[in-house]
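S.K.: Sequence first, predicted coordinates after that:
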There are 2 protein chains.
Amino acid sequence: MANQAPDLPDLIDGLFQLSFLLQACLARIAAEHDLSLVQVRLLGILRDREPGMLELARYLELEKSSLSGLVDRAENRGLVERIQSPSDRRATTIRVTARGRKLSRVIADAVRVEVDALVQPLPKADQDRLAALVRHVLPAGPA
Amino acid sequence: MANQAPDLPDLIDGLFQLSFLLQACLARIAAEHDLSLVQVRLLGILRDREPGMLELARYLELEKSSLSGLVDRAENRGLVERIQSPSDRRATTIRVTARGRKLSRVIADAVRVEVDALVQPLPKADQDRLAALVRHVLPAGPA
DNA sequence: CTATTTAGTTCGTCACACGAACTATGTCAA
DNA sequence: TTGACATAGTTCGTGTGACGAACTAAATAG
């Protein structure tokens, strides 16, 4: 069962192959709903936050100038809305709309179904082990 | 140590977090060398192949019309070259140049270093286990 | 020898990303 | 107060990347 020589390249290649696979899956499903990857990430971030533009830029690792258009397009589709901050008249906070939240959930569910299918062949114990290992690799993962 | 309830969402979330992390890492390093993700993928595919445009489009999951520009830009930077097929005067095969190969290697190495750093905290045995599990999840992975 | 398929390019359009310049508002300090 | 500076966002010009539709040219089939 244990392959004898899974050296580092193997691991890293595997991780990247998997990451490309997951991204492609997400992008495809998003596209079926006329959304890009970034838009999905945007909605995902807004799921439990109501940040300003700069904060949002940090989450997405984008320049603030890139955000105006992004939010414009999302707003035009009624997925998010700009809320004027009452305390600071320069600032706006971005909030996901009911429609955006719904769309985000639909996509997340569809993705879950597909990735489930990938993972299901693994015995439950292995799934847990994989989850634990992945958690440990993630930064801020358990020491 | 073993968390008791790593349900499916946990696994899938973790896998996606990891995939975003890896993609961001690759994109950042590529950008340091003035390359986009797609260009890196292009060079990667050409590492051990010399496909025609249509074949290349299939590998990248792009439309053929998207490829002309992509290859144009790579060719302008001297990273790839179009080779006229002698047998079929419509066809061209795309070949990576020495320069492209070198650049691709530099980027791959830099990425390896970073991902190594992520993975090194894991004991060797866990690294092997992770590699094996990832391989099993990948399509066409071991039964 | 036409009719069709195949390989690739071109063109128009759009999403996305960037930096530089800009507006408008808030803040600090003399 | 009143500058000087910082902060929040937008706008604009440019480049990459993706698409579909229309096109050229070469190969192939009947």
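M.R.: Alright, I've got the coordinates.

S.K.: What sits closest to A:R99 if chain neighbours are left out?
M.R.: By the measure of CB to CB, 6 or more residues apart in numbering or on different chains, the closest residue to A:R99 outside its immediate chain neighbours is A:G78, 5.2 Å from it. For the C-beta atoms, the positions are set from N, CA and C on the backbone; glycine is no exception.

S.K.: what packs against the lengthiest helix in chain A?
M.R.: The longest helix of chain A (DSSP state H) is helix A:8-32. Contacts defined by 3 or more CB pairs under 8 Å, 6 or more residues apart in numbering or on different chains; DSSP states H and E place helix A:8-32 against helix A:37-46, helix A:98-119, helix B:8-32, helix B:98-119, helix B:124-137.

S.K.: DNA strand D: which of these is closest?
M.R.: Between DNA strand D and the helices and strands packed on helix A:8-32, the tightest spacing by CB to the nearest atom of the strand is seen for helix B:8-32, at 8.9 Å.

S.K.: In that closest one, which residues are buried?
M.R.: The neighbour-count criterion (16 or more other CB atoms under 10 Å in any protein chain shown) identifies B:10-23, B:25-26, B:29-30 as the buried residues of helix B:8-32.

S.K.: which residues sit against it?
M.R.: For helix B:8-32, the external contacting residues (CB atoms under 8 Å, 6 or more residues apart in numbering or on different chains) are A:15-16, A:18-20, A:22-23, A:26, A:61, A:111-112, A:115-116, A:119, A:127-128, A:130-131, A:134-135, A:137-139, B:36-37, B:39-40, B:107, B:110-111, B:114-115, B:118.

S.K.: The residues you listed: which ones sit near DNA strand D?
M.R.: Of the residues in those, proximity to DNA strand D by CB under 7 Å from any atom of the strand holds for B:36, B:39.

S.K.: Drop anything exposed from the contacts of helix B:8-32.
M.R.: Buried by 16+ other CB under 10 Å: A:15-16, A:18-20, A:22-23, A:26, A:111, A:115, A:119, A:127-128, A:130-131, A:134-135, A:137, B:39-40, B:107, B:110-111, B:114-115, B:118, out of these.
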